[in-house]
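Visitor: after the sequence you'll find the predicted model.
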Amino acid sequence: MTPTELPVVIFPSKSPTKPSAAHRVLLVDDDDAVRDMMTVTLEHKGFDVVAVANVTNALKLISTESFEVLITDLHMPHPGDGFTVITAMRHLQPNALTLLVSGYPDMQSAMAAILLEADEIIVKPFDVGRLAELVQHKMLTRKSVAPPEKQRVGAILRRCITGVIEDWLARAKQSKELNHLSLSDEERTGHLFKLVEDLVVRLSKPSATTKDSDAIFSEAAIAHGKLRHLQGYTPAMLVHESRILQVTLFGTLQSNLSHLDFSLLLPDVMTIADEVDAQLTQTMDSYMNAMRKSAA
């Protein structure tokens, strides 16, 4: 998806058909003049518009009322921004058409909008009348999308484990601190696959908590510490690669936002942090034991 500049959008030659039933539109923009003008134009086209000036009010409406269209400005005063509103809408009302309005469609914003599944990025300045036609056109042509099946964090990581390893490896290769050792990909990943599998096992427990006693004894972590000692790693490098693992895991969850079961997200994220830390502790202990043995 690329940002849309409304004046060049091409529609069928015949006049757009007005909605047979008033589609409800949630309009979010902190500029009073722009918000009022968009409201009048959309209502003239037959839409039922609920307009708010900030993210807080938008989130309240999304959680209590139903909408078929969301049009939100990207940059608004804190707390939150347009991405926050889109995330909430995608989670609570996944079939709603979502349009993100941005005055500066830089690559980072565009990629984030794609990640959050915005249907369109509208570039300022734009013709409000054409915006109404765009919304109407997309409502007439889009197909209903079944909401994705919600999954626990452990299930997502199990499904994406190969991607996690590949992403971790790519990040590790970019690290000057880790990349000065000449290692093959297999040597560099070490026991990473089994470490992630151990994490998934802990996440699959029905009553997973973040207590230290819940951390799994990991033979892979022990073996990993011995391997890293033989390969010439330092303790600082062990900490660094563990930090990269956490970043990679959370990045995987971010790319699967539409599938996440948010009701259990926080405890699962806490479990990830605790388990990765526990694995690092076991790896570090094993590494130090190997170092003492080699020095004896």
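Guide: Perfect, I can see it now. These figures come from a predicted structure and were not determined experimentally.

Visitor: and the closest residue to Gly103 other than its chain neighbours, what does it touch?
Guide: The shortest distance from Gly103 to any non-neighbouring residue, by Cβ to Cβ, 6 or more residues apart in numbering, is to Lys124 (4.1 Å). Bear in mind the C-beta positions are built from the backbone N, C-alpha and C, glycine included. Contacts for Lys124 were tallied using Cβ atoms under 8 Å, 6 or more residues apart in numbering; they are Val101, Ser102, Gly103.

Visitor: which of those residues sits closest to Leu181?
Guide: Comparing the contacts of Lys124 against Leu181 with Cβ to Cβ places Ser102 closest, at 43.0 Å.

Visitor: where do the helices sit along the protein?
Guide: 32-44, 55-64, 82-92, 107-115, 128-141, 153-159, 161-174, 176-179, 185-189, 192-203, 219-231, 235-254, 265-295 (DSSP state H).

Visitor: which elements pack onto the longest one?
Guide: Counting by 3 or more Cβ pairs under 8 Å, 6 or more residues apart in numbering; DSSP states H and E, the packing neighbours recorded for helix 265-295 are helix 153-159, helix 192-203, helix 219-231, helix 235-254.

Visitor: those: which one's closest to Glu275?
Guide: Closest among these, once you apply Cβ to Cβ, is helix 192-203, at 4.9 Å.

Visitor: next one: the closest one to chain centre, how far?
Guide: Put simply, helix 192-203 sits 21 Å off its chain's centre (Cα atoms, centre = their mean, to the nearest Å).

Visitor: please shift the residue numbers so they start at 783 in all later answers.
Guide: Right, with 783 as the first residue, what we last looked at is helix 974-985.

Visitor: hmm, who's touching that helix?
Guide: So helix 974-985 is in contact with 934-936, 939-940, 943, 946-947, 950, 990, 996-998, 1000, 1002-1003, 1006, 1027, 1031, 1050, 1053-1054, 1057-1058, 1061, going by Cβ under 8 Å, 6+ apart.

Visitor: now, of those, which are buried?
Guide: 934-936, 939-940, 943, 946-947, 950, 990, 997-998, 1000, 1002-1003, 1006, 1027, 1031, 1050, 1053-1054, 1057-1058, 1061 (16 or more other Cβ atoms under 10 Å).

Visitor: low-confidence stretches in the stretch 933-1078 of the chain?
Guide: 988-997 (pLDDT under 70).

Visitor: residue contacts, Gln1061?
Guide: Leu977, Asp980, Leu981, Ala997, Ser1000, Ala1002, Ala1003, Ser1024.

Visitor: what's around Thr1016, how many residues?
Guide: 12 (other Cβ atoms under 10 Å).

Visitor: I should have written Gly864 there, sorry.
Guide: 29.

Visitor: report pLDDT for it.
Guide: Looking at Gly864, its pLDDT is 79.

Visitor: follow-up on the earlier one: just the buried ones from the contacts of Lys906, in PyMOL syntax?
Guide: Listed next is the PyMOL selection for buried residues among the contacts of Lys906, using 16+ other Cβ under 10 Å:
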select buried, resi 883+884
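
Visitor: of the contacts of Lys906, which belong to strands?
Guide: Judged by DSSP state E, strands contain the following of these: Val883, Ser884.

Visitor: closest one to Val917 out of the contacts of Lys906, please.
Guide: Nearest to Val917, judged by Cβ to Cβ, of the contacts of Lys906 is Val883 at 11.7 Å.

Visitor: I figured that closest one hits His857, correct?
Guide: No. Under the criterion of Cβ atoms under 8 Å, Val883 is not in contact with His857, lying 9.2 Å apart.

Visitor: list residues touching both of the two?
Guide: Common neighbours of Val883 and His857 (Cβ under 8 Å, 6+ apart) are Gly864.

Visitor: show me what stretch 1031-1039 is in contact with.
Guide: Under Cβ under 8 Å, 6+ apart, the answer for stretch 1031-1039 is 869, 872-873, 897-898, 933, 935, 938-939, 942, 945-946, 949, 978, 981, 1042, 1047, 1051, 1054, 1058.

Visitor: ok, back up a step: now the contacts of Lys906 in a markdown table, with pLDDT and distance to Leu809?
Guide: Listed next are the contacts of Lys906 as a markdown table, based on pLDDT from 0 to 100; distance: Cβ to Cβ, whole Å:
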| residue | pLDDT | distance to Leu809 |
| --- | --- | --- |
| Val883 | 84 | 10 |
| Ser884 | 78 | 15 |
| Gly885 | 71 | 16 |
